[in-house]
Each structure stands twice: as C-alpha cells, then as structure tokens.
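**Q** Give me the fold of what follows.
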Amino acid sequence: MMVIVVLALLAGVHRYLWRRLVGDTTAGGSAMRRAGTVAAYVLPLLSVGALVSGRAGAPFWLQRVLAWPGYLWLAAVLYLTLALLVGEAVRPVLRRVLERRAGRPDDADTASADGAKDADPASDANNASTADHSNLSVDAPGAPGAPDVADAPGAGTSAAPATLVAEAPAPPRPEAPSRRLFVARAVGGAAAVAGLGTVGLGTHGVLRGPRVKRITVPLAKLPRSAHGFRIAVVSDIHLGPILGRAHTRRIVDTINRTQPDLVAVVGDLVDGTVADLGPAAEPLARLKARHGNFFVTGNHEYYSGAAQWVDQVRELGLHPLENDRAEIDGFDLAGVNDIAGESEGQGPDFARALGDRDRTRAAVLLAHQPVVIHDAVAHGVDLQLSGHTHGGQLWPGNFIADLANPTGAGLDRYGDTQLYVSRGAGAWGPPVRVGAPSDITVVELASPRA
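**A** As a prediction, this is how the structure comes out:
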C-alpha cells in the first residue's frame, strides 16, 4: 500500500510539473512540447533505475550511468515543485497587474485591435487634407489660369490615385502573446531558474568536499593530561556510483590538515560492495592521527556487506570497534554496531562495549545513529559521537530529521551525556545538499581541571 501511495504521489507531481513547465508554455505539436513530454517520462524512469539498480545487483557501470541523471532529477523534482508552488501565489498577482495595464496605448492587447484602429493617425490626417484639397479644386471652376476641373479631359480618373493611397491598409503588426501565456512562461521560467539553480549550487557544495567545523566539549571526568585532545569526526561519506576515489582523497586531505589526535569514522562509509568500491576507499590508508583511526558500522554497511567492509577497513589501517572499546590516554573510546545489524544478529551490544569498564574514567562512544542515546545514558557515557541524519541534506528535510531523531545535527545534552551529531561528509542519493552543508568536525575535549 505504501509503494502504491508513493508511486501515485510521484505520478501526480510529474503531471503537475509537465502541465506548468510544458503544457502551459508550449504550443501543441511543437518540438518543445514533444521534447518536454519525452523528458517527463524518461527522467522518472532513470530515477527509479538509479534507486533499484544497486539493490538489484546491476553491473557497477550501469549503476554509474543511471546515478547522475536519476538522482539529480529527484532533487530537481523537489525544488521545481516548491518553486512552482510559490509561483501559484504570484500568478494571479501578475495577471492583475497586466490587466490594469491593458488600457494603456502601448499595451499588447491594444496593439492587436482591428486594422482600422491600428492605422497611423498622422497618415489619416494627411489623407483628410488631401481629400479637402481635392474638394476645393472642384468648387473653384473659374479660377484664373486653371482649367475647369469638371470639364478637363480625364477628369473621371484624376482622383483615383489619391483615393487608393488614402485607403491602403497599414502593415499588420505581429500578434503579441496572450496575457495568460505570458504569465505561464514568466512563472515557469522563473521556477526553472530557481529550482535548477538550487540543485546546481547544492551539487557544487557536495563535490567541492566537506568543510571543517570545530567545537569544544567539556567532560567532567576528563583528566588534565587529556585537555585539548582532538577527535576528527567524519560520518556518512557514502562512497558509491557517484562519489568515488576523488571524494575520499578530498576528505583524507582535509582531515590530515587538521592534525587530529584521533580519527573517528562513524558509519555509512559506502553504498556498494568491496569489489566495486574497494579502490575508492583506498585513500583512507593515508589517514594520520597520533592515537589511531577508528571505525564503526552504519546501516548502509549492512546493505553492502558489513563483514567484508570491516575486514577491508582493517587492511586500510582503521581499527573497527564492533561492540568493543579501546583505552586512550585519559578516557575510554567505545564503539557499537549499528542497529541495522540486528537483522544479522550483529546489532549494538552496550553491555559488551561498556559493561565492565571503570566508570571513574570518561567515556566517548562512537555510534552511527543518534537514537541509541538513551542506551548511552544508561551506561554512563559522557559523550556520544554520531552521524546518520545528514542534517536533513535537502531542505526542508531538516524538519523530518529533527522529528525522526533525538537531535538532527549539532551538540545536545541528555542527562549527564552529551550527544554530537555530524551532518556527514557526503550525500546519499542525490549528490546535493541544501541548507545542510557537509562537514568534518574536530571535537576538542576540555578538562575542568585545566
């Protein structure tokens, strides 16, 4: 039932887009009308292909062919629809303005009046003057030095040329488009520029790579020796048919420039198999941190073969924390599997990761989804580092992210536990971010004893 509802909604949205961008703005049977109609059928099919090709096990080259146009069109549908809905409010206002201007002499509607009204007034005056002059000549038969016009040879044809010139119709003016067509094209064009421009800027923001964000988090149990310890948090890289090796290199170079003490990769590294994406992940081997590089699984790892990826990141020099912890100078670093692993019997196990530790030490937990924060509170975690939400990725998706998660993005507090949620360094689906810029966050731990 849900699938039927979604498909019906998409069909309705595409019908609306076709009507406003093609049907209302082009002539029936024109090349533009035919091209727009073809696009209205082909682009949604590409989007469906992009969404299902990976899960269906399609060849990776085919996934890449479908991904760019298919996923970008999904983002375009969102922002074209939003722009056109704003245009619905503008449309009657624009019509009213044009209607008020309709009475002006230079209005397009006045220009389309009948031929007699379109004639040049100056020409009419000249013709009237010529006619009057001709009448004067007829009324003065005895004028000195002039023959009697009435008796002159050929008098019956002498006035014909003047009459023909006076009655010649003015050249027709090109017909102006109707106000309705003008409004449809103006609103549709503005919506296309706004919607596609938003998608273009959002794509540029993803492809240029994430920016560094820095925050300071005080931990009550952190010793003075660990004051200023810096953790580079990166989540939701989403290597796949669009974001590949170059994307990984940008992220690695950005992290290394921050010179962190520790790197935490907090899930959703990939959208695909090791066979397809292993080369794209190889630059992770160049990560440099004094206390090491750590990794926990996200839900997308379980869609892509989590066990293989855990082995792969270990070969690249990252330390997977599978319901496990490591002792770092001044605090414990723990990690739990993502809740998506429950379907494989590999879900989060807080007792295993945190149950027998010394609670006088500060504890930092890596967990992909922020929804496990209440388990973290129950196990005395001081700081949980998460991702998953993308900060909504595409506005107004941030409102949905806030509703579906305890924290959509940023730093928050739950009892004695603080939660930091990164917006992520990549993008899922459309390689577009609007209102939720990608980031790599350097979390600096602060001790109250410093």
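**Q** make it CA atoms for all contacts and neighbour counts henceforth
**A** Noted.
**Q** quick one: secondary structure of residue 437?
**A** Recorded secondary structure, residue 437: coil (DSSP: H, G, I helix; E, B strand; the rest coil).
**Q** Now do the contacts for it.
**A** 205, 206, 210, 393, 423 (C-alpha atoms under 8 Å, 6 or more residues apart in numbering).
**Q** and what of residue 314?
**A** For residue 314, the contacting residues are residue 320, taking C-alpha under 8 Å, 6+ apart as the criterion.
**Q** how near is it to residue 322?
**A** 12 Å (C-alpha to C-alpha, to the nearest Å).
**Q** Also residue 279?
**A** In this structure, residue 279 lies at 24 Å from residue 322, with C-alpha to C-alpha as the measure.
**Q** And these two? Which one has more around it.
**A** Taking residue 279 and residue 322 together and counting by other C-alpha atoms under 10 Å, residue 322 has the greater number of neighbours (21 against 11).
**Q** Tell me if the more buried one really is in a helix.
**A** No - judged by three-state DSSP, residue 322 forms no part of a helix; its state is coil.
**Q** all strands of the chain, in order?
**A** If DSSP state E is used as the criterion, the strands of the chain fall at 211-218, 230-234, 262-266, 293-296, 319-320, 324-328, 331-335, 362-366, 383-386, 410-414, 417-421, 439-446.
**Q** from those strands, which stretch is densest packed?
**A** Using mean count of other C-alpha atoms under 10 Å, the stretch among the strands of the chain with the greatest mean number of neighbours is strand 383-386 (a mean of 29).
**Q** Residues in contact with it: which ones?
**A** Taking C-alpha under 8 Å, 6+ apart as the criterion, the residues outside strand 383-386 that touch it are 219, 233, 235, 266, 363-370, 373, 376, 417-422.
**Q** Tell me where the longest helix sits in this structure.
**A** When every helix of the chain is counted residue by residue (DSSP state H), the longest turns out to be helix 60-101.
**Q** tell me what that one is packed against?
**A** Counting contacts by 3 or more C-alpha pairs under 8 Å, 6 or more residues apart in numbering; DSSP states H and E, the secondary-structure elements packed against helix 60-101 are helix 2-18, helix 31-53, helix 179-207.
**Q** Between the two ends of stretch 318-326, what distance do you get?
**A** 13 Å.
**Q** The helices and strands packed on helix 60-101 into TSV, with extra columns for mean pLDDT, distance to residue 405 and mean neighbour count?
**A** Converted to TSV, the helices and strands packed on helix 60-101 look like this (pLDDT from 0 to 100; distance: least, C-alpha to C-alpha, whole Å; neighbours: other C-alpha atoms under 10 Å):
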stretch	mean pLDDT	distance to residue 405	mean neighbour count
helix 2-18	90	22	13
helix 31-53	95	24	16
helix 179-207	96	23	18
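**Q** Poorly predicted segments of the stretch 151-300 of the chain, please.
**A** With pLDDT under 70 as the threshold, the stretch 151-300 of the chain has low-confidence stretches at 151-177.
**Q** Next: the stretch 351-450 of the chain.
**A** Under the criterion pLDDT under 70, no range of the stretch 351-450 of the chain is flagged.
**Q** Now with 90, please.
**A** For the stretch 351-450 of the chain, applying pLDDT under 90 flags the ranges 355-356, 449-450.
**Q** What are the buried residues along stretch 242-257?
**A** When neighbours are counted by 16 or more other C-alpha atoms under 10 Å, the buried residues of stretch 242-257 are found to be 242, 243, 244, 245, 247, 248, 249, 251, 252, 254, 255.
**Q** swap in stretch 223-232?
**A** Under the neighbour-count criterion of 16+ other C-alpha under 10 Å, stretch 223-232 has 223, 226, 227, 228, 229, 230, 231, 232 buried.
**Q** Isn't the fifth one up against residue 364?
**A** No - under the criterion of C-alpha atoms under 8 Å, residue 229 is not in contact with residue 364, lying 12.0 Å apart.
**Q** and the angle from the longest helix of the chain to helix 2-18?
**A** Here helix 60-101 runs at 50 degrees with respect to helix 2-18, directions being taken by axes from the mean of the first three to the mean of the last three C-alpha atoms, to 10 degrees.
**Q** Tell me who's in contact with residue 249.
**A** For residue 249, the contact set (C-alpha under 8 Å, 6+ apart) comprises 283, 284.
**Q** Also residue 261?
**A** Residue 261 sits next to 229, 230, 231, 232, 289, 290, 291, 292 when contact means C-alpha under 8 Å, 6+ apart.
**Q** for residue 439, same thing?
**A** By C-alpha under 8 Å, 6+ apart, the residues touching residue 439 are 210, 211, 212, 213, 234, 422, 423, 424, 425.
**Q** With residue 248 instead?
**A** With contact set as C-alpha under 8 Å, 6+ apart, residue 248 has these partners: 237, 239, 280, 281, 283, 284.
**Q** Considering those residues, which possesses the most neighbours?
**A** With neighbours set by other C-alpha under 10 Å, the maximum within those is found at residue 237, which has 25 neighbours.
**Q** ok, back up a step: just put the contacts of residue 248 in JSON lines and tack on distance to residue 401.
**A** Supplementary listing: the contacts of residue 248 in JSON lines, determined by distance: C-alpha to C-alpha, whole Å:
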{"residue": "237", "distance to residue 401": "18"}
{"residue": "239", "distance to residue 401": "22"}
{"residue": "280", "distance to residue 401": "28"}
{"residue": "281", "distance to residue 401": "28"}
{"residue": "283", "distance to residue 401": "30"}
{"residue": "284", "distance to residue 401": "29"}
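**Q** For residue 87, state which of those is nearest.
**A** Using C-alpha to C-alpha, residue 237 comes nearest to residue 87 of the contacts of residue 248, at 35.8 Å.
**Q** Against residue 268, how distant is that closest one?
**A** Distance check for residue 237 against residue 268: by C-alpha to C-alpha, it reads 6 Å.
**Q** could you show me where the helices are in the stretch 201-350 of the chain, in order?
**A** Counting by DSSP state H, counting those that start in this stretch, the stretch 201-350 of the chain forms helices over residues 245-257, 274-281, 299-304, 306-315, 350-354, given from the N-terminal end onward.
**Q** mind saving the C-alpha coords of stretch 74-93 as PDB?
**A** Once non-C-alpha atoms are left out, stretch 74-93 reads as follows in PDB (Å, rounded to 0.1, in the frame of the first residue of the first chain):
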ATOM      1  CA  LEU A  74      15.000  13.600  -7.800                       C
ATOM      2  CA  ALA A  75      16.500  16.700  -6.300                       C
ATOM      3  CA  ALA A  76      15.200  18.800  -9.200                       C
ATOM      4  CA  VAL A  77      11.700  17.500  -8.800                       C
ATOM      5  CA  LEU A  78      11.700  18.700  -5.200                       C
ATOM      6  CA  TYR A  79      12.900  22.200  -5.900                       C
ATOM      7  CA  LEU A  80      11.000  22.700  -9.100                       C
ATOM      8  CA  THR A  81       7.800  21.700  -7.300                       C
ATOM      9  CA  LEU A  82       8.500  24.100  -4.400                       C
ATOM     10  CA  ALA A  83       9.300  26.900  -6.800                       C
ATOM     11  CA  LEU A  84       6.100  26.400  -8.800                       C
ATOM     12  CA  LEU A  85       4.000  26.300  -5.700                       C
ATOM     13  CA  VAL A  86       5.400  29.700  -4.800                       C
ATOM     14  CA  GLY A  87       4.600  30.700  -8.300                       C
ATOM     15  CA  GLU A  88       0.900  29.800  -7.800                       C
ATOM     16  CA  ALA A  89       0.700  32.700  -5.400                       C
ATOM     17  CA  VAL A  90       2.500  35.000  -7.800                       C
ATOM     18  CA  ARG A  91       0.500  34.000 -10.900                       C
ATOM     19  CA  PRO A  92      -2.900  35.900 -10.000                       C
ATOM     20  CA  VAL A  93      -1.000  38.900  -8.900                       C
END
